[in-house]
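1. what's the 3D shape of this:
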Amino acid sequence: MSDVASHDRKPLRLAICGSCKKKHWLSSDLPPLEQINCSQCGHPVIVPTVIRNFEVREVVASGGMGTVYRAFDSKLERMVAIKMLKREMVEDKQVMESFYREARATAALNHTSIIHVYSFDEHAGSPYIVMELADHGSLDSWIIRDGVVPELNVLDIGIKVASALESALQRNLLHRDIKPGNILFNEYGEPKLVDFGLARQAEQNEEYEAAVWGTPYYVAPEKIQRQGEDFHSDMYSLGGTLYHALTGHVPFEAETVEQVVAGHVHTPLTPPCDVRVEISQLTSDAITTAMAKEPTQRFASYSEFQMALENARSHYLVDIHKHQGDDRKNQGRSWCAGRPPSSCSSRGQEACPELVEGAHFFRTRVSGRESRSRPCSFCLDEPSGSSHTPGRCLRSNAP
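-> Next comes the predicted model:
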């Protein structure tokens with residue numbers, strides 16, 4: 001079906017909502033990138049518009065300063081994101097400096113967990129950045145949707161974002177606005193750090209107005225106290241972000257922003273494992289260390305932070321494996337040595353498929369009688385208890 005429909009008065013163009021994917025037939029007379037609300041979900045919808053070699057198709061997100069679009073690059077035949085500043089923002093010198101800073105800082109970095117910038121251009125007086133598409137939600141939306149994020153996912157995100165920040169630091173850059181909303185996910189679920197609009201060189205001592213310091217819920221104490229900042233400040237904010245994802249609560253909750261900010265400076269942090277008892281001690285300790293009040297008490301490097309998170313992840317997986325093994329024992333099952341349970345599937349009269357030449361035959365009980373079956377080379381020692389049938393394959397669940 002064509003994306004242009006006939007009409008008695010004027011042609012219509014097919015537009016698809018970037019949120020719920022509902023199809024809309026919009027007047028082709030609408031100005032380029034003019035937004036209307038989706039009749040189903042209220043998300044902004046636009047008539048597809050061509051800008052150079054990009055077909056701008058859908059709105060991903062829209063805010064007070066600009067809009068992010070989903071677009072198709074006709075030359076390279078790939079989907080991209082276009083972040084376009086609103087025309088009225090062009091007159092704001094501070095906003096423009098931030099926009100250029102974001103484009104240049106991100107373009108200078110090359111890391112799998114940092115969004116890639118492809119180009120920078122202008123359309124009808126509005127500057128825009130063409131970048132890698134990461135349109136499968138943010139960590140912030142994940143927290144809002146589910147309340148908390150599973151510990152294993154939080155550890156994976158923390159390890160990858162810490163690595164991304166270490167890569168930025170190697171280029172002498174501080175991000176300065178780490179928060180759940182600035183960690184996006186691509187179609188494969190990989191985290192992507194975005195929005196380097198507040199980034200600056202690590203050795204600069206420039207003071208910024210409070211409004212552009214970052215997000216109060218994750219800001220480091222030394223920034224609040226105007227004591228300068230270094231990579232430890234970003235580390236603190238990443239710790240606060242992971243804290244929020246793990247517990248479902250920001251590190252310091254209060255009725256006013258002023259009270260929240262004061263909490264970062266004066267209130268002792270409640271360890272994550274005290275907020276939710278199911279959080280492992282090692283994970284809780286790693287985040288608590290990253291959020292120490294004094295920068296010198298935090299990890300000495302991102303590598304140390306990563307190692308702490310990786311150690312917590314390894315122990316977490318071992319604990320899961322151990323608990324699963326205990327559950328199987330409680331169900332009367334035994335593991336086959338060196339094999340996952342699915343590799344040995346004998347039940348009752350069916351022997352395990354792994355055989356050893358010359359081994360004795362097991363006997364299994366089938367319908368009240370015994371029959372000979374082939375031996376299993378991977379069964380462990382027999383389970384104890386009078387209910388055990390002598391010679392039965394130990395993977396069997398049959399009585």
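2. quick check: domain ranges of the chain?
-> 4-131, 139-324, 334-399 (automatic domain parsing).
3. give me the number of residues near L269?
-> Counted with other C-beta atoms under 10 Å, the neighbours of L269 add up to 18. C-beta here means a position set from N, CA and C on the backbone, and glycine is covered the same way.
4. Pretty sure it sits against T288.
-> Yes - using C-beta atoms under 8 Å, L269 is in contact with T288, at 6.2 Å.
5. Pick the most deeply packed of the domains of the chain.
-> domain 139-324 (a mean of 18; mean count of other C-beta atoms under 10 Å).
6. residues in contact with the most centrally placed residue in the chain?
-> In the chain, the residue lying closest to the centroid (C-alpha atoms, centre = their mean) is P191, at 4.3 Å. If you count contacts by C-beta atoms under 8 Å, 6 or more residues apart in numbering, P191 has them with 113, 139, 156-157, 160-161, 183-185.
7. which of those lies closest to F54?
-> L184 (19.6 Å; C-beta to C-beta).
8. Residues touching the host helix or strand of that closest one, excluding its own?
-> Here L184 sits within strand 183-185, counting by DSSP states H and E. The contact list for strand 183-185 (C-beta under 8 Å, 6+ apart) reads 115, 134-140, 157, 161, 191-194, 241.
9. Taking these together, which two end up most distant?
-> Between any two of those (C-beta to C-beta), the greatest distance is 20.2 Å, for D135 and T241.
10. quick revisit: with distance to Q225 and pLDDT added, can I get the contacts of P191 in CSV?
-> Below are the contacts of P191 laid out as CSV (distance: C-beta to C-beta, whole Å; pLDDT from 0 to 100):
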residue, distance to Q225, pLDDT
S113, 30, 98
L139, 27, 98
D156, 33, 98
I157, 29, 98
K160, 30, 98
V161, 25, 98
I183, 26, 98
L184, 31, 97
F185, 34, 98
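11. nearest to G125, of these?
-> Closest to G125 out of these is L184 (27.4 Å), distances taken as C-beta to C-beta.
12. Which parts of the stretch 151-300 of the chain are helices?
-> 151-170, 221-224, 231-247, 257-266, 272-275, 281-290 (DSSP state H, counting those that start in this stretch).
13. Minimum distance to T106: which of the ones you listed has it?
-> Nearest to T106 among these is helix 151-170; the distance by C-beta to C-beta comes to 9.4 Å.
14. Show me what that closest one is packed against.
-> Packed against helix 151-170 by the contact rule (3 or more C-beta pairs under 8 Å, 6 or more residues apart in numbering; DSSP states H and E) you find strand 191-193, helix 231-247, helix 281-290, helix 302-330.
15. now the angle between helix 281-290 and it, please.
-> In terms of direction (axes from the mean of the first three to the mean of the last three C-alpha atoms, to 10 degrees), helix 151-170 departs from helix 281-290 by 30 degrees.
16. So for the spatially closest residue to E310 that is not a sequence neighbour, what's the pLDDT?
-> Closest residue in space to E310, ignoring its immediate chain neighbours: I159 at 6.0 Å, by C-beta to C-beta, 6 or more residues apart in numbering. We have a pLDDT of 98 for I159.
17. do the same with T389
-> Per-residue pLDDT puts T389 at 37.
18. got it, and K329?
-> 62.
19. repeat for the one 10 residues further on
-> Model confidence at R339, expressed as pLDDT, equals 39.
20. from what I can see I36 touches L26, true?
-> Yes - between I36 and L26 there is a contact under C-beta under 8 Å: 6.9 Å.
21. Mutual contacts of those two, please.
-> Shared contacts of I36 and L26, defined by C-beta under 8 Å, 6+ apart, are found at V45.
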